[in-house]
Every structure is written in C-alpha cells, then in structure tokens.
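Peer 1: Give me coordinates for this.
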Amino acid sequence: QVAAVKMADQKRKISSWELAAPGQSHFDHLEGKIEDDDEEFPEMGSGRPLIRLYETHATEGTLDDEEDHPLIARQKRGLFARLCGSKKSDELDEGEAHKLSQIPATAISGNDITSSVFYVSGICAYYAGFWAPISLVMVSGIVLYMFRGIYSEVVTALPVNGGTYTVLLNTTAKSIASLAACLTMLSYVSTAVVSASVAITYLNDLWPSLQNSWGTVVLLGIFAVLNLFGIKDSANVAVCIFGVHMTIMIILIVDCLIYAIQDGFSILQHNYEIRNDIHIPYNSTYTPDPTDPSTAMTIYPLAKALVFGFSSAMLGITGFETSANYVEEQRKGVFVKTLRNMWYCVAFLNPTISLLSLSVLPLHEVRGYPLIDGEPDNNDLLQKMARGGWLSKLVSIDAFMVLAGSVLTAYVGVTGLVRRMAFDRCLPAFLLQTNKWFGTNHIIIVGFFLVCTSLFFITNQNVLILASVYTISFLSVMSLFSLGNLILKYKRSRIRREHRAKVPVVLLSLAATITAIYGNIVINGSTIQYFFLYYGVTLVIVGIMFQRVHILRMLIRGLIRRRNGEELDPSSSPSLSGLRGRIAIAAITLLRQINDQKIVFFLKEADIRLMNKAIEYVRDNEQTQNLQFVHVYVMGQSDEPIPLTEQPGVKTMLEDLATLQRIYPKMKLDFCGLSSRTPFDGHLVKKISEKLNVPPHFMFISCPSENFKHDIAQLGGVRLITGAL
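Peer 2: Below you'll find the predicted structure:
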C-alpha cells in the first residue's frame, strides 16, 4: 500500500521543498513573527547565534489534494539548523560523582536479598526437611548465577531504570511492559509490608510492649521520611545496616560451626538418620504423635521434597531484581558489580545457615514443629541457632535492622519505577512533581507509604497473605525478565552490550521460575486468588491511563449530544453554558493536550518502511497523533552549511513524508532537518529536546548497531521502538 501510494504521488510530480532566506518565514501568519536569528544559548557564550533556523515551505501547487487532506497542508514545514559549537559530551556526566558507587549500590539491594535468610531457611526446611541445604544451593548457587548473566546482558544494553518494564518497553508494546511493571509494584508493596511487620516481630522479643500494628506503620513512615531527604542519605543508612548484618551473620556462623565441631556433628548425623521417620524423637522433650498433625512431621518423598523446597527457596533471592530499578542512580559499571556481590553473599549465606541449623538443632525445631495454628514455628530459627544469651539478642537486633533495610529498598526501587512509568504516560504526570528542598518525588514516596499502610490494615495485618502475593509476583517478574532477554536477542540483536547470556541458560532459568510458581501454587492454592485480587487493583490504575482517551471521548459525546442525537458545540451552545458545558470544555481541552504531545523519531536515512513502522508504533502505543521525524546531518568542522534539500536523502524523506501523510490523514507528521558539526550524542539530543520542547522519553530511535558509541542512558533515555529491517 505504501509503495502504491508513493508511486501515485510521484506521478503527480510533487515538487521539491524550497529553502527560505535566513530569518524569513512563510508561516508568520500562523504564530506571529518568527525571529530565529535572535535565538541564543547563553550558557554557551554570547556573540553570533549558535543555532540559526531556516524555515522551509511547500511551493504552491505541490499538493494536489490540499482541500481533501487539510492535515497535509497544515504547517508542512521542515526545520534546518546549523550547530556551530557545543559542549563536550563528557560534561553530560558531571553528575557522575553524585551517583552511587559500588558499596552503597550493593547495600541497598543487598539488604533486601540477604534479609531473606531470616525466613527462607525455616520455610525451605519445613517443606524439604533435611534436604533444605540442597534446595538452597540449587537456587542461590545455580539459578541466581544464571540470572546474574541474564540481568547483566539486558541492563548493559538498556541501562535505564525500570528493570523488566524497561526491557519489555524497548522490545514489545507498552501495554505488555505495563503488565510487568504492575507485577513489580505489587512485589514492592508486599515486600515493604512483610519486611516491616516481621522486623517489628523480631523487635518484639526485645520490647514486649511494642504493638505490631502501629510499630509497622511507624517503621514504614520512618523510611518514607528518609527517602524524602534524598537517596544519598538513605544509601548511607543502607551501608551501615548491610555492614552490621554481614558481620553478625559471620559471628553466628562461626559460633554454630564451633559448637558443631565440639559436638562431633552428632546432631547432624542424627537428623540424617530420622529424615524419613516421624516416630523417632530426638530427645525426651519432644515426642511426636502420629495422630496429631501439629506434632507429626509431614515427610515428603525425596523428589517432592526437593521440588517444594526449591519452590520455597526462590524467596531467598528476592531483591536481586531491585538493582535494575535504580541503575540510573549508579555510576557507570557499578551495576554488574552489584549483581556479583549479591550472588557471592547469598550463595554463601543461605545454604550455610541452613546446613548449620541442622548441625546445632534437632530436625523438628528446624522444621518448626510443633505447629502453631497450622503454621511452622520457625520464624525465629536464627535466634534458636544462637541458643540464647547475648548472641540471640544480637541476632534479633540484626534481623530488625536488615528487614528494615528491605523497606528502604522497596522505597528506592518503586520511586525509580514509578518515575519511569510516569515519564512514559503509563501513570499520571503529577507523580513526577519534586519538592523544592530536597528535589525528591514526595508524591510517589508518600503515596507508597499510604498504599502499604492501607493494605496492611485491609488484610487485618495478615502477613501471610501478602507474603503469598509476594512469592507469585516476584517469580512472575523474574520469568518476564527471562522472556525479555530472549526478545532482546531476537528483536534488538544489533545493540551493543557488555555481556551475553547463552540461550540455553535463559531457557533453563525461565523453566526454573515457572516450576517455582507451579510449586508455590500447589503448596498453597489460595495464593493465586489473593494474587489476582491485588494485581487487579494495580491493573485498573494503569488501564485507566491507557484508555483515558476513549473515556474522555465517551464523556464528551455524552455531554454535547442532544436527545435527538444532534451534536452540539459546547463553546457556543446556551444549553451547555453551565456546569455541563464547563465539564465538556475541560474534557475537550484535556483530550487535545493528550493528543498534541509530540513524539520525535530520529531518522538516519531515507527509508519509508522504517518511517511507516515508527508511525504504526506511535498509533498503537502512544496516545497522540503528533509525530515529528528528525534527521541529523553530521558535517565536518570546516564544511559550509548545506541547504536542506541538498543534503543526502532529505528530498526523498520529504516525499516519503507526504506519502505517509496521505496514508495516515489523522496523524500530524512533521519533519526536522538538522546539520551538526558534532556527532550524534547525548548533548545533541539534549539540545534538540530543548529546542523542540520534547522530553527525551518521547524521543525514539531504531536499534543502533554495535559500533554505536553511546548507550541509551547516555542519550538521555531515548526509547528503541524498531529493530533491523
């Protein structure tokens, strides 16, 4: 269809676009006098203008169907600019020193992932029994190592906040990416509430009069205030918590190891002997009753025990995905190191603690028997391993601090994710407002606090419900990230990346997370209904944003339509001069603002297929009808400016643009030509963004080749929307 219409237009002999004289505009009647020669950028010095604009126009008689296609004739202009000087691209990284280095970046996500040792050891032991250490090695040592390579490839290729949302946004439709983002937000909400509640429970051992309900709310509020002060202050707190936590864990490991050696590992040997026999007591203080389900340990066959243990042990790597959600706040090269550091910590900590628990405690205590209200009594497993005294109190303090650190991680991660979604118009733009004192997004932070608090009370403080939701949402996010990696390999194969994960490894990781999801559903079938309940709420909010254009149109039609079906003009109808008219006019104004949001697509060379793909993507994913193609012609330092129509391929681009405008008459398609003495880089993107008044998140490019010198973050966060043709 495109080729046919193009041939038809060529037969109509569309004439070339002519270059106007400097400072002269043929569209002064549209927006008043345009004085482009007076345009300056003060920060780059004074003197002669650094950017001069030359407006072009279509000569009379160019478009034969102007009357039939008014959108084609409307402001059909090209923009030619000459960039005479620029700052060095290195100055774009002037804020690099204020970003997170390796230690604080690791601490923020490390607190989240290493805090899992306080609950995953007991949960895994409850299902896997004596084989819990093996399940934890499979997860922490093998599966997490595979995901380390997967995350390294994706984030080094797309170093932008958002994690799973970012990779799917740059490889699939925005609606699909938003589904993944909802899962991630749900994971953050549940982990914040669960971590805060469990932290207060540990603190309760030292402060018995502390109420769990209000203590949880106060803890959530404290970290909301810390985040309002800025990520740097919060990161410093995270570093302190992480350092103390790892020190106490090492002390506990050494203490248990000494005890086991002095005991000759007799407890470990006896636990192995009774692994399949529920009738053998360890000592006289515990006598299992086969008729009492609270005392008789459930013994699973080896294969089933390993599957259930593996599924529950996946909670031990929650937090690994967090670092990808604040990668823009990290210094260059730090992200891969944070993945390595987290893997080292978890691969050592979780299996070691599990094995030592079987070496110093009888099997029934490790598994949490006798049960309390049908739930295992091993949430304080590490306290029991300390065997009382000062070390037990120290472990309680450590548990409180590190679980509180997980709350901090949830705040930091959700802030980065929501900011990214708001930039992409998946969430309301008012969420991006910052306060004038600290420059932080107070609406996001306070809103997250209110959501967590409300959910905590709505569920009647039932942490198990939120924990179940946490399990499924986290594993779903990991599964989607594996799928995103595969799509990135296929659709964005040309983009440069520092690491590449092998396809069999990605498929094996995907199979592991799917198996864990299935195992958790089998273990607790009620989990799935709570998951869809909370997930549905988050989907509604995002769904309204995606459908707001249709909602506004329905509202307008309902307000400005007579009873007999005749439409009215709300600005001129006396019957709509009241509240009804004001609502209609407000709705129309909002609808126009949404549709008028300009989208920029950088066009390297004349390619009508690529232009058509860009238009189709904008129509299907962006709530706007305004698309501008920008072509940058890079010339030498001593070259004279070349007129717009004499630049290579520009004439063909303009002809293709007219062709596509006929195919998509409802779209407003414009063209911008730019000559630059510097290569296409982040500084140039920034200048174009300022000149066209289009944020970088609304500027798209096709997939660059591996030889491209810059990554997406260095270009200000422009989005990839097409692959190689």
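Peer 1: now the most centrally placed residue in the chain, what's its secondary structure?
Peer 2: Nearest to the mean C-alpha position of the chain, counting by CA atoms, centre = their mean, stands residue 162 at 1.8 Å. Secondary structure for residue 162, judged by DSSP: H, G, I helix; E, B strand; the rest coil, is coil.
Peer 1: Now for it: which residues touch it?
Peer 2: 169, 181, 324, 325, 416, 417, 420, 421 (CB atoms under 8 Å, 6 or more residues apart in numbering). Placement of C-beta: from N, CA and C, glycine included.
Peer 1: chain center to whichever strand or helix holds residue 407: distance?
Peer 2: Element membership of residue 407, judged by DSSP states H and E, is helix 389-423. In this view, helix 389-423 has its centroid 18 Å away from the chain centroid, taken as CA atoms, centre = their mean, to the nearest Å.
Peer 1: in it, what counts as buried?
Peer 2: 391-392, 394-396, 398-423 (16 or more other CB atoms under 10 Å).
Peer 1: Which other helices and strands does the helix or strand just after that helix contact?
Peer 2: Going down the chain from helix 389-423, the next helix or strand is helix 442-458, by DSSP H and E. Applying 3 or more CB pairs under 8 Å, 6 or more residues apart in numbering; DSSP states H and E, we find helix 442-458 packed against helix 174-204, helix 212-228, helix 389-423.
Peer 1: Show me what counts as buried in the first one.
Peer 2: What it means is helix 174-204. Under 16+ other CB under 10 Å, the buried positions of helix 174-204 are 174, 176-204.
Peer 1: helices or strands up against that helix?
Peer 2: Using 3+ CB pairs under 8 Å, 6+ apart, helix 174-204 sits against helix 117-128, helix 164-169, helix 212-228, helix 389-423, helix 442-458, helix 463-491, helix 527-546.
Peer 1: try 7 Å this time
Peer 2: Secondary-structure packing of helix 174-204 (3 or more CB pairs under 7 Å, 6 or more residues apart in numbering; DSSP states H and E): helix 164-169, helix 212-228, helix 389-423, helix 442-458, helix 463-491, helix 527-546.
Peer 1: worst average pLDDT in those?
Peer 2: Among those, helix 527-546 carries the lowest mean pLDDT, at a mean of 79.
Peer 1: Return the set of buried residues in that helix.
Peer 2: For helix 527-546, by 16+ other CB under 10 Å, it's 527, 530, 531, 534, 535, 538, 539, 542, 545, 546.
Peer 1: The second one and residue 649, how far apart?
Peer 2: When CB to CB, to the nearest Å is applied, the distance between residue 530 and residue 649 equals 57 Å.
Peer 1: likewise the fourth one?
Peer 2: According to CB to CB, residue 534 stands 52 Å off from residue 649.
Peer 1: Also residue 322?
Peer 2: Taken as CB to CB, the span from residue 322 to residue 649 is 45 Å.
Peer 1: Between these two, which is the more surrounded one?
Peer 2: residue 322 (29 against 15; other CB atoms under 10 Å).
Peer 1: what about the closest residue to the more buried one other than its chain neighbours, neighbour count?
Peer 2: Leaving out its chain neighbours, the residue that sits closest to residue 322 by CB to CB, 6 or more residues apart in numbering is residue 109, at 4.2 Å. Residues within reach of residue 109, counting by other CB under 10 Å, total 28.
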